[in-house]
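Peer 1: Give me coordinates for this.
(chains A, B, C, D, E and F)
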There are 4 protein chains.
Amino acid sequence: MNERSFTNPLYALSGSALMKDKRQKIIDAAETLIAESGFQGLSMHKLAKEAGVAAGTIYRYFSDKEDLLQQVRLEVAQRNAEAIQRDVDESMPLKERFRKMWLNIFDLSVSNIDNLKNRAQYDSLPCVRSHETKEIERKMFSKVDQLFTEGRETGVFKPLDNPVLAALSLEVSVTLARKQSLGYYQLDQDAIEAAIEASWDAIITH
Amino acid sequence: MNERSFTNPLYALSGSALMKDKRQKIIDAAETLIAESGFQGLSMHKLAKEAGVAAGTIYRYFSDKEDLLQQVRLEVAQRNAEAIQRDVDESMPLKERFRKMWLNIFDLSVSNIDNLKNRAQYDSLPCVRSHETKEIERKMFSKVDQLFTEGRETGVFKPLDNPVLAALSLEVSVTLARKQSLGYYQLDQDAIEAAIEASWDAIITH
Amino acid sequence: MNERSFTNPLYALSGSALMKDKRQKIIDAAETLIAESGFQGLSMHKLAKEAGVAAGTIYRYFSDKEDLLQQVRLEVAQRNAEAIQRDVDESMPLKERFRKMWLNIFDLSVSNIDNLKNRAQYDSLPCVRSHETKEIERKMFSKVDQLFTEGRETGVFKPLDNPVLAALSLEVSVTLARKQSLGYYQLDQDAIEAAIEASWDAIITH
Amino acid sequence: MNERSFTNPLYALSGSALMKDKRQKIIDAAETLIAESGFQGLSMHKLAKEAGVAAGTIYRYFSDKEDLLQQVRLEVAQRNAEAIQRDVDESMPLKERFRKMWLNIFDLSVSNIDNLKNRAQYDSLPCVRSHETKEIERKMFSKVDQLFTEGRETGVFKPLDNPVLAALSLEVSVTLARKQSLGYYQLDQDAIEAAIEASWDAIITH
DNA sequence: TATGAATGAGACTTCATTCAT
DNA sequence: TATGAATGAAGTCTCATTCAT
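Peer 2: Numbering: from 1, shown residues only, chains lettered A, B, ... in the order given. As a prediction, the model looks like this:
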């Protein structure tokens, strides 16, 4: 968000702020519609209506539909990156950090999938691996990277690359969340804790 | 079915066999196009062209596009189910069965993802969950189920539900394969064996 | 109908009789479907199915759809012609003949309209005025013609052409029947008799 | 509406007026095509071409084909309603009003049928009977209703319901016009006057 | 900068008709 | 003679995008 528009109302009507408002309104509307009706249900007309702008206006901020979707994904990814590492601090013990991020991912996945917002994440993210995407990923996984690097160097974790460690442990939470949302089961608190413990077992040395 | 087509290859073009051929040609063409351009890129006209039939012909075999897609998914799922459990026998030791299926899934995922054929699997399978889908899943996971049940009852595995055990161990191979296909890393034989070992660690009691 | 097929079962399977059966089956099926779903709802495939023949077979008896419809109309028209003049005899008094035919037309129109079978009559008959159509009309109106001619020559009816007299009197019953079927009103026996009387008034000299 | 378009003809092409023009152009084109090729011959592509707009444009003004047809019928019905009661005034004697409307209907029917434009009226009007249709009918028949009511109450007409009186007298003109257009006969002025007289005889008390 | 009417390619689907068997 | 699979033109409608205002 442009913070200036909150502290000084004058900025709210200025060119760039207004523009930013419209751009944001369009992106927000896109997310809303995608959450409601999935990715294929997004038409530029519905989007314009939902965002309260004219159809042509969208093309002042995005070169075409693909560009718009790209930027929606970017925004979703950024929000996800923040959510995943929320309340995680380097000063916390290794296991606690692991547990916190595991739960963050699990919660995020459940809500995303429930809202169909997962589509913004799953359908799309794999398709692109642009510079920006990689930037996001680095940010997204900075604390994750640190966790795995630290754990491996102290001999707590197995000597595997970080992405492999992630796939073996943290990303299991995504799989479990998805399955739960599809109705395969309903994990209670104990089951979740057991799953976290098992994920931990996967990567520590025994 | 016209049995003659099995005994005498000359009959291969006779009535019912021809029909089966055409249906299959359409499904194959659909898989090809989906692999090339994803799910949304499949138009009935392109499909007709690729399959070498008239547009209207498709509707002799499938009531509409959704029906066609359903049947494509079914076929893909069935092929996957077979591939996953290939060369796995109950008489084999628990660990060996685990390793074999892990590798089957990994290999399948790599090739699927490389062809984008995963879309037929990932985009769609979750959408339905019909009776047929469940039937497929049961078949798909019969040997998997047996593995986990046996392991848990003998105290080798943790006391978790089968789907959870699967997510913690076997399905990790999908995540790893996808990441590899996206270019995050290239797993050599040692790394794969280590990943299998780590997956095993996730579900056994320590 | 081919009477031979009733008296000698051998004829039932003979070429021409069989052919006539199929042709009739198709026409009957067409009438059934038109009655059910109107004229536009008639597709050659549905027709083939209803008639119990293959789609291609229809084209052995009718050159194309238009030809088929033409012949359906012809058949309906013939049946109508018979119905209109049923139980009318030259020996009956003028007024009685008039009343009988008026009622025949009214009853026919009601049932036709109720079955949507009117479409076979109203949508189509005006479109063509072929030789056969005229032939049908002459037959259809032979007793009507006689009625009007006789009435005019005896000075009972106004000196107007037969088709004009028909429009002024007998055909009013069609208009009334149609309106009733559309729900404008429901004519009881008295109202119908009054309408007949009024129709009579239209054409007699006063 | 943009009021300027009423005060200054230069604005005739400005926004809202243009829109109105386009909608009207489409409706006019529809009437033209229906007149030429009947109701079934109307395809949205042909219509777009005839109207000089893109196919998609039609859907800005009409939700779908059925909606378009409905509005065409409405317009035709309204025009007919006006034509039927043109130059008819309550101050005129009963018979004169009757004669005028009879002729109005006859003339209208002849021209409609000659253009096949009757199809807009006959094929369609009976199908709906919506609120709007009834509104049209009331308007269409206000002077007709008044005529019949007045005539019945003054004892000039038979004690029959208005729709029945209409069918017996005024609507005969439609039947006669149709038959004439189909080439059954050609009514000269005397014959028409005689027909009017006969129609009058149908409903008056003797 | 913003609008939104207009565009027209292309989506899915139907159906009268043909023709090899 | 009968079949019915196959055809492909034509149908209705959607939607990303443009452009005059």
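
Peer 1: Next secondary structure after the lengthiest helix in chain A?
Peer 2: Looking across chain A with DSSP state H, the single longest helix is helix A:15-37. Downstream of helix A:15-37, the next assigned helix or strand under DSSP states H and E is helix A:44-51.

Peer 1: average pLDDT across that next one?
Peer 2: For helix A:44-51, the mean pLDDT works out to 96.

Peer 1: is DNA strand F contacted by that helix?
Peer 2: Yes - applying C-beta under 7 Å from any atom of the strand, one finds helix A:44-51 in contact with DNA strand F at A:44-45. In short, each C-beta sits where N, CA and C put it, glycine included.

Peer 1: Which elements pack onto that helix?
Peer 2: For helix A:44-51, the elements it packs on are helix A:15-37, helix A:55-61, judged by 3 or more C-beta pairs under 8 Å, 6 or more residues apart in numbering or on different chains; DSSP states H and E.

Peer 1: how about these, which one is nearest DNA strand F?
Peer 2: Nearest of these to DNA strand F, taken as C-beta to the nearest atom of the strand: helix A:55-61 at 3.2 Å.

Peer 1: The very next helix or strand once past that closest one near DNA strand E anywhere?
Peer 2: Remark: after helix A:55-61, the chain's next helix or strand is helix A:65-84, criterion DSSP H and E. No - figure legend: helix A:65-84 not in contact with DNA strand E (C-beta under 7 Å from any atom of the strand); closest approach 12.7 Å.

Peer 1: With only the CA atoms kept, save the very next helix or strand once past helix A:65-84 in CSV.
Peer 2: Past helix A:65-84, further along toward the C-terminus, the next helix or strand under DSSP H and E is helix A:94-114. Output of helix A:94-114 as CSV, limited to C-alpha atoms (Å, rounded to 0.1, in the frame of the first residue of the first chain):
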residue,chain,number,x,y,z
LEU,A,94,15.5,-24.6,15.5
LYS,A,95,12.6,-26.9,16.2
GLU,A,96,10.3,-24.1,17.2
ARG,A,97,11.0,-22.2,14.0
PHE,A,98,10.4,-25.3,12.0
ARG,A,99,7.1,-26.0,13.8
LYS,A,100,5.9,-22.4,13.3
MET,A,101,6.6,-22.3,9.6
TRP,A,102,5.1,-25.7,9.1
LEU,A,103,1.9,-24.5,10.7
ASN,A,104,2.0,-21.2,8.8
ILE,A,105,2.2,-23.1,5.5
PHE,A,106,-0.5,-25.5,6.6
ASP,A,107,-2.9,-22.8,7.6
LEU,A,108,-2.2,-20.8,4.5
SER,A,109,-2.7,-23.8,2.3
VAL,A,110,-6.0,-24.7,3.9
SER,A,111,-7.4,-21.2,3.5
ASN,A,112,-6.0,-20.8,0.0
ILE,A,113,-7.5,-24.0,-1.2
ASP,A,114,-10.8,-23.4,0.5
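
Peer 1: can helix A:94-114 be found next to chain B?
Peer 2: No - applying C-beta under 8 Å from any C-beta of the partner chain, one finds helix A:94-114 separated from chain B by no less than 9.2 Å.

Peer 1: Show me how far that helix is from its chain's centre.
Peer 2: Counting by C-alpha atoms, centre = their mean, to the nearest Å, helix A:94-114 is centred 11 Å from the centre of its parent chain.

Peer 1: Residues in contact with that helix: which ones?
Peer 2: With C-beta atoms under 8 Å, 6 or more residues apart in numbering or on different chains as the test, helix A:94-114 has contacts from A:80, A:83-90, A:92, A:117-118, A:121, A:143-144, A:147, A:150-151, A:154, A:156, A:169-171, A:173-174, A:176-178, A:180-181, A:192, A:196, A:199-200.

Peer 1: count of neighbours near the residue of chain A found nearest chain B?
Peer 2: Closest to chain B within chain A is A:Ala202: 3.6 Å, counting by C-beta to the nearest C-beta. The local packing of A:Ala202 (other C-beta atoms under 10 Å in any protein chain shown) involves 25 other residues.

Peer 1: ok, it - contacts?
Peer 2: So A:Ala202 contacts A:168-169, A:172, B:168, B:172, B:198-199, B:201-202 (C-beta under 8 Å, 6+ apart).

Peer 1: Nothing else from me, thank you.
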